[in-house]
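Enquirer: fold the following, please.
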Amino acid sequence: MSEDVLVSARGLEVHFPVGGGGFRRAPAGVLRAVDGVDLDVLRGETLGLVGESGCGKSTLGNALLRLVPPTGGTVTFDGTDVTALDRRGLKEMRRRAGMVFQDPFASLDPRRTVAQTVSEPLEVHGLRSGKRERAARVGELLELVGLDPAVAGRYPHEFSGGQRQRVGIARALAGEPDFLVCDEAIASLDVSVQAQVLNLLRRLQRQLGLTLLFISHDLSAVRHISDRIAVMYLGRVVEVGPAAAVGSAPEMPYTQALLSAVPLPHPAQERARQRIVLTGDVPSPSAVPSGCRFRTRCPYVFEPCDDVDPALQPAGAPGQLAACHLHGVVGTPVTATPEGVTADP
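Expert: Next up, the predicted model:
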């Protein structure tokens, strides 16, 4: 594995049993929340992970930190197999890898002050030796995220949503991590506050040399903050590449549909452009279609899509990969239009 890769997943699976409905009955099926993901997060980058609700983004982020146990595949963190860590090793890994949650109110204990919340990782990992040192470090962390250290004695209900999220970020930084998973970190915030938190995360990433996995269903936010973008659909990464390429010239039809739903800032361009409207519902992750899992909604579906599951392969710009038969994974390259698919001469 390259020294530039901090976190790597290979064939990662998180499957949950479903059904059964009775005492000692076997499960009726399996929900494939994460279903064979290969993904690298490079040291010092922000990787955006985007997809519709229910596609497995949050489960993938939790599995990378072993907050949920993988049922298959491997995860490595800085060259160490996370799935094989004992309790002591897992504790050290989680000091170096933190999480910023979606709901800043639910993720903070309402009975604990900001100082108690932010200092907890310092106590758990023994990063400061006494109360005075811990209090000084809490003040530094609050300043780092744009809060006045004087608020350390207040409780979560005394803050706005954006301020609570800053407290959550300060807590995540208390362990002096190398890697942060930001799981829908702006989804519950007002639009006016979302940009502030995005800019804060960008500043912290550069200032502290952090590696970020930014999980969101909002492609416009992901484009704003990310160096690279990975797109998930039904438990699988279906496109990955530089943010400029994936965010402006996607090669996977699903990513093209996501991009077409992002509003344009100019009203005339917004009225003139053609949107890609996907038909049908997202299949259940407990009943994944054969072949390409996007084929039941894809406007370009053709013969190989029914039976052959496409792998990620080079497409478009350097470093851009797409899991799609339109890029010639089955023999002859093809050209696609909404009217059909034809073989290239």
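Enquirer: let me see the ranges of the strands in this structure.
Expert: Ranges of strands within the chain are 5-18, 29-42, 46-50, 72-77, 80-81, 97-100, 179-183, 211-216, 228-233, 236-242, 313-314, 321-322, 334-337, 340-343, based on DSSP state E.
Enquirer: what's the angle from the third one to strand 236-242?
Expert: Angle between the axes of strand 46-50 and strand 236-242 is 140 degrees (criterion: axes from the mean of the first three to the mean of the last three Cα atoms, to 10 degrees).
Enquirer: CA atoms only for strand 46-50 - export them in CSV, please.
Expert: Only the C-alpha atoms of strand 46-50 are listed here, as CSV (Å, rounded to 0.1, in the frame of the first residue of the first chain):
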residue,chain,number,x,y,z
THR,A,46,-10.6,15.7,2.1
LEU,A,47,-12.5,12.9,0.5
GLY,A,48,-16.1,13.6,-0.1
LEU,A,49,-18.5,10.6,0.1
VAL,A,50,-21.9,11.4,-1.5
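Enquirer: give me the contact list for it.
Expert: Here strand 46-50 makes contact (Cβ atoms under 8 Å, 6 or more residues apart in numbering) with 41, 57, 60-61, 201-202, 205, 211-219, 222-223, 225-232, 243, 258. The C-beta positions use only the backbone N, C-alpha and C, and glycine is treated the same way.
Enquirer: let me see the mean pLDDT of that strand.
Expert: For strand 46-50, the mean pLDDT works out to 97.
Enquirer: for the stretch 101-250 of the chain, just list every one of the helices.
Expert: 114-124, 131-144, 161-173, 191-208, 219-225, 243-246 (DSSP state H, counting those that start in this stretch).
Enquirer: how about these in CSV, adding mean neighbour count and mean pLDDT?
Expert: Shown next, in CSV, are these (neighbours: other Cβ atoms under 10 Å; pLDDT from 0 to 100):
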stretch, mean neighbour count, mean pLDDT
helix 114-124, 20, 93
helix 131-144, 16, 94
helix 161-173, 23, 94
helix 191-208, 15, 94
helix 219-225, 21, 91
helix 243-246, 21, 94
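Enquirer: quick check, pLDDT for the closest residue to Arg66 other than its chain neighbours.
Expert: Among residues not flanking Arg66 along the chain, Val82 sits closest, at 5.3 Å (Cβ to Cβ, 6 or more residues apart in numbering). Val82 is assigned 93 on the pLDDT scale.
Enquirer: neighbours of Val82, just the number please.
Expert: The tally of other residues near Val82 (other Cβ atoms under 10 Å) stands at 23.
Enquirer: please name the residues that touch Val100.
Expert: Applying Cβ under 8 Å, 6+ apart, we find Val100 in contact with 165, 168-169, 172, 180-183, 185.
Enquirer: same thing but 10 Å
Expert: Val100 is in contact with 107, 165, 168-169, 171-173, 180-186, 197, 201, 212, 214-215, counting by Cβ atoms under 10 Å, 6 or more residues apart in numbering.
Enquirer: ok, Phe294 next?
Expert: 233-234, 236, 238, 252-254, 257, 278, 282-283, 300-301, 305, 310, 323-324.
Enquirer: can you rerun that using 6 Å?
Expert: Contact analysis of Phe294 by Cβ atoms under 6 Å, 6 or more residues apart in numbering lists 233, 254.
Enquirer: how much space between it and Pro310?
Expert: 9 Å (Cβ to Cβ, to the nearest Å).
Enquirer: one more: Gln274?
Expert: According to Cβ to Cβ, Gln274 and Pro310 sit 25 Å apart.
Enquirer: okay, and the beta partners of the residue lying closest to Ala172 once chain neighbours are set aside?
Expert: Leaving aside its sequence neighbours, Ala172 sits nearest to Gly98 (Cβ to Cβ, 6+ apart; 3.8 Å). Beta bridges link Gly98 to Leu180, judged by DSSP bridges.
Enquirer: these two touch, right, Gly98 and Leu180?
Expert: Yes: assessed by Cβ atoms under 6 Å, Gly98 is found in contact with Leu180 at 5.2 Å.
Enquirer: give me the common contacts of the two.
Expert: Ala172.
Enquirer: report how many residues lie close to the nearest residue to Ala243 once chain neighbours are set aside.
Expert: Nearest residue to Ala243, sequence neighbours excluded (Cβ to Cβ, 6+ apart): Ser226, at 4.5 Å. Neighbour count of Ser226, defined by other Cβ under 10 Å: 26.
Enquirer: gap between Ser226 and Pro110?
Expert: 33 Å.
Enquirer: what does Asp183 give?
Expert: 20 Å.
Enquirer: over to Leu6?
Expert: Computed as Cβ to Cβ, the Leu6 to Pro110 distance reads 34 Å.
Enquirer: quick one, which of those two is more surrounded?
Expert: Shown here are Leu6 and Pro110; by other Cβ under 10 Å, Leu6 has more neighbours (22 against 9).
Enquirer: the more buried one contacts Gly44, doesn't it?
Expert: No: Leu6 is not in contact with Gly44 according to Cβ under 6 Å; the separation is 8.0 Å.
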